[in-house]
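Novice: Would you be able to build a 3D model of this:
(2 chains)
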Amino acid sequence: MELRPSKLMFIPILVFAASVGILLMNYVNTGDFIIKDVDLKGGTLITIESDEKIDTRLVEAKIDETFGSGIVNGLRTGSGYGVSIQVESGTKVSDVVEAAESAGVKVVDVSEQTIGPALGNLFFEQMRNSLIIAFILMSIIIFIIYRNPVSSLGVVLASLGNILATLAFATLIGIELSFASFAGMLMLIAFTVDTNIVLTSKVVAYGSESFMARYRKALVTGATLTATITATMIIVLFLSSSKLLINIAEILVIGFATDLIYTWILNAGMLEIYFNRKNKVHGGSGR
Amino acid sequence: MSSIFKDLRFVLLACILVASVSMVMAPYFLDFGFVVVSDVYPDSKCDIREGSQVSGVFGFAMDDEKSFERALENVRTGDYVTMVVDSKPFGCEAAGDGYLGFDVAEEKTKTLQFGIDIEGGTRVLLKPEETVSKQQMTEIIKTLENRINFYGLKEVKINTLGSDIIQIEMAGATGDEIREFLAKQGKFAAKLTYVVRFSNGEASFKILNKTYEMKMDGDGLIFNGDSYGVNDTIVIDNETFQLVDTDNRTALFYVDVFTGDDITNVLTDAQNSGIQAVGDGFYEFSFGIQVSKDGAERFAKITKGQPVTRVSGSDRYIESRMLLFLDDRQITDLGIGTSIAGQAVTQAVITGNEISFEEASKEKLRLESTLRSGKLPVRLEIEKVDTITQTAGRDLINSTIFVALASIVAVGIVVVYRYRDYKIVLPMILISLSEVVIVIGMATSQTLAAVVILAAVVIGVWKKEVVGMVGWITLVIMLMVASTVAISTWTIDIPVIAGLIAILGTGVNQMIIMTDQLFREKGKTLLDRHKSAMNIIWSSAAIVVFAMIPLILGGVGALKGFAIATIVGVLVGILVTRPAYAAIIERAKRVHLENV
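Specialist: Numbers count the residues shown, from 1 in each chain, chains lettered A, B, ... in the order given. Sure, this is the predicted structure:
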């Protein structure tokens, strides 16, 4: 028995519900749907470079003890080891460095990035609005291109589900979203719509073949697209030392995984049901 | 089968690619044969301007900074150095051993402009402390620009983000320079000290022949029946007296004489300004300011009739001193000679001491620039500071180039696995690369950018490459965005590099779609398949472009470079490289078209 996308549509629906659930849970717990990084919520990020291995757990315990709270992460740096410590803006850098030293960190170099909470919030609002506007513009373009409510709605819903699932998964595994993450989300919109367009164009264009034959053909092209971009992004994720590039890559890797569900099950399922119904009405060859 | 070299689509790509490569590589091969004067110091004995071209020193040819240093190796202070400047013979005395009092730099034209996240530098976001009107914002920006111009800072960019955030970027400048100079409000005030002496708790003093009386009252005093404490101000004969300090016999006042608004001119010519060593390793700088008539008359009023209280050599001074403040910090303390006391003096001298000649000339320039540009209407708060060292930036770009190459290899592996046909894979990879090279070329030269955009659009429209209404709308938007690259310099920063990676991604995506559409669909003519491929590709391009638009229109400019790079890449991709790719693989695969 072959697996038809229409039979699997419960998967994207479950994923959608889970995504919304995760985002809402986070909202209830923290007051934000997502986890924001320093760029978007304000604060001070202190990066300490060291030439000795750092026990981040020890540092985190010390920072929590001294300042009540703080986020500590291990880093890849040019000179060897590093740790980034995120505290509320207004905390003295020298105090944080002292705390790190007392937790056994041999400090070689310290850099600081501070951003006021008001400005962080402004940045967040602008990025959020950019994402919403991009989504709306994309939807309009899709409706103009297809002039068919079902094919258009399939793409738009797939894209919406994909954005929510990506945000939810990022939140679930604790990725802090930055400026660059939002740039990644915009690229994600563009790239996942590509796979949807490939699917829709192939399924719509050739009436003589069965739906599944056309679907498989589209899937081969779509999988190649996904594989190339994912391969590139995994390289960036593992080799780059640029925070900006890594932030973009994280989003795209997650987004392409969830895109598989939304494009090739949800959108495909909708198209399958639509075309089968249309063909029954017109008495055409259904499958 | 006609030759690929006669196919316009391929020829266009080839021409643009060659032009881009030569633009990017040109600086590495061209030797200009001269160096350019980059900085002239006040102690130089050479009558030379910044920007002059030095092509020879003692008959040695100048290729770079090193050859300039080598030529001056054996020069001692006071030696006469012969040069060729701006193609004319020139000469002057050395101001030090191996030192002419000016710096030179290699001529740098047509090279890529890197952003501060690569080149190193400082980016600061400033926010006015209170809400400002649009007009005030314009005034703030204008004042900042003036300061930068007067100070002679180079490569400074000022932008507004949103309605009230000012972004200043300086390549090779420190955060301190922005904090201590640019972002300062620059509120200037000149005040006279005025001492009132008491006996038995009472005092009388004269201003312009009018006598006033005061009484001591603990730490404060009583005037006209009102009591005043330290820091309170008293208005006497229209002048503002601020009580600064009292002891049991004297009260010290600061009297406002004039502010920055009263400064009509800053005098920095050799007669009115200079720097000299004053012993103990200190250097004193001084320059003149011209003051409005009102300010001068206030000065005359307060200083008139004051007795001499200090004699130094042949100079006799009155008790009042002139104090100059900038942002409430005292910068100068001047004694007032009897020759000017009571006169409406329209000129004052600002002086200061620093521990080195360099520091003194820097501080002098800062003060001059601040006074010339005037004060900012409101104080600015520093909201964000990012400082990137040059090595960190270089490391980043090197690692990013490595990442980009590794990404291309990864893409290569995927498409080899998928197609197993070098006739498809090779053009695909090379064309993706050429797309990135062309965009970098366009960043190098505005002329090239303009030519590429024009050629792409003219030939694209002529050859009917644009598909559908959405295609035309997208084309217009791409043109609008891309033309900004042709009319202003384009700085390569990390977001732009992220954009280049996005270009690589969309490029490969579109070529995969095209390949599958051309060779994996049965039964239709090549022309039909080409058309449906172009349909999909234009839709895909439209989505990318529209997704990037909010970043360009949005207030925060941080990711503008990313969006612009991506859109320029899509434009080049869809009008130049994609048609060329089609031209290549349609020929390469014609024989076994249906067997893929």
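
Novice: C-alpha only now, for contacts and for neighbours.
Specialist: Will do.

Novice: what sits against residue B:20?
Specialist: B:437, B:438, B:440, B:441, B:442, B:448 (Cα atoms under 8 Å, 6 or more residues apart in numbering or on different chains).

Novice: Could you rerun that using 10 Å?
Specialist: Going by Cα atoms under 10 Å, 6 or more residues apart in numbering or on different chains, residue B:20 touches B:14, B:26, B:434, B:437-445, B:448-449, B:452.

Novice: Could you pick out the one among those with the lowest pLDDT?
Specialist: Lowest pLDDT among the contacts of residue B:20: residue B:26, with 75.

Novice: Now name the helix or strand holding the residue nearest the centre of chain A.
Specialist: Centroid-nearest residue in chain A, with Cα atoms, centre = their mean: residue A:251, separated by 3.3 Å. Taking DSSP states H and E as the definition, residue A:251 sits inside helix A:243-261.

Novice: List the buried residues of the very next helix or strand once past that helix.
Specialist: Remark: after helix A:243-261, the chain's next helix or strand is helix A:268-282, criterion DSSP H and E. Neighbour counts using 16 or more other Cα atoms under 10 Å in any protein chain shown place A:268, A:269, A:270, A:271, A:272, A:275, A:276 of helix A:268-282 among the buried residues.

Novice: elements contacting helix A:268-282?
Specialist: helix A:149-172, helix A:179-205, helix A:211-239 (3 or more Cα pairs under 10 Å, 6 or more residues apart in numbering or on different chains; DSSP states H and E).

Novice: Any part of the shortest one near chain B?
Specialist: I take that to be helix A:149-172. No - figure legend: helix A:149-172 not in contact with chain B (Cα under 10 Å from any Cα of the partner chain); closest approach 11.8 Å.

Novice: could I get that helix in CSV with only the CA atoms?
Specialist: Extracted C-alpha coordinates of helix A:149-172, given in CSV (Å, rounded to 0.1, in the frame of the first residue of the first chain):
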residue,chain,number,x,y,z
PRO,A,149,-8.0,29.6,-3.6
VAL,A,150,-7.1,26.0,-2.8
SER,A,151,-3.5,25.9,-4.3
SER,A,152,-2.9,29.3,-2.8
LEU,A,153,-4.3,28.4,0.6
GLY,A,154,-2.2,25.3,0.7
VAL,A,155,1.0,27.2,0.2
VAL,A,156,0.1,29.9,2.7
LEU,A,157,-1.0,27.4,5.4
ALA,A,158,2.1,25.3,4.9
SER,A,159,4.2,28.4,5.3
LEU,A,160,2.4,29.6,8.4
GLY,A,161,2.6,26.2,10.0
ASN,A,162,6.3,26.0,9.1
ILE,A,163,7.0,29.4,10.7
LEU,A,164,5.2,28.4,13.9
ALA,A,165,6.8,25.0,14.1
THR,A,166,10.3,26.5,13.6
LEU,A,167,9.7,29.1,16.3
ALA,A,168,8.2,26.4,18.6
PHE,A,169,11.1,24.0,18.1
ALA,A,170,13.7,26.7,18.6
THR,A,171,12.0,27.6,21.8
LEU,A,172,11.7,24.0,22.9
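
Novice: Which strands or helices does it pack on?
Specialist: Counting by 3+ Cα pairs under 10 Å, 6+ apart, helix A:149-172 packs on helix A:10-30, helix A:117-146, helix A:179-205, helix A:243-261, helix A:268-282.

Novice: cool, and the last one?
Specialist: Helix A:211-239 is packed against helix A:179-205, helix A:243-261, helix A:268-282, helix B:390-419, helix B:494-519, with contacts defined by 3+ Cα pairs under 10 Å, 6+ apart.

Novice: Once you drop chain neighbours, what's closest to residue 190?
Specialist: Let's take chain A. Of all residues not flanking residue A:190 in the chain, residue B:544 sits nearest, at 4.8 Å (Cα to Cα, 6 or more residues apart in numbering or on different chains).

Novice: should've been chain B
Specialist: Nearest residue to residue B:190 in three dimensions, chain neighbours excluded: residue B:324, at 4.5 Å (Cα to Cα, 6+ apart).

Novice: Against chain A, how distant is the one you found?
Specialist: 33 Å (Cα to the nearest Cα, to the nearest Å).

Novice: I figured that residue hits residue B:192, correct?
Specialist: Yes - assessed by Cα atoms under 10 Å, residue B:324 is found in contact with residue B:192 at 8.7 Å.

Novice: mind listing the strands in the stretch 451-596 of chain B by residue range?
Specialist: Applying DSSP state E, counting those that start in this stretch to the stretch 451-596 of chain B gives strands spanning B:491-492.

Novice: ranges for the helices of it?
Specialist: For the stretch 451-596 of chain B, helices defined by DSSP state H, counting those that start in this stretch occupy the ranges B:468-487, B:494-519, B:526-553, B:560-572, B:578-588.

Novice: Out of those helices, which is closest to residue B:238?
Specialist: helix B:526-553 (52.5 Å; Cα to Cα).

Novice: Looking at residue A:282 now. What's its pLDDT?
Specialist: In this model, residue A:282 is scored at 61, pLDDT.
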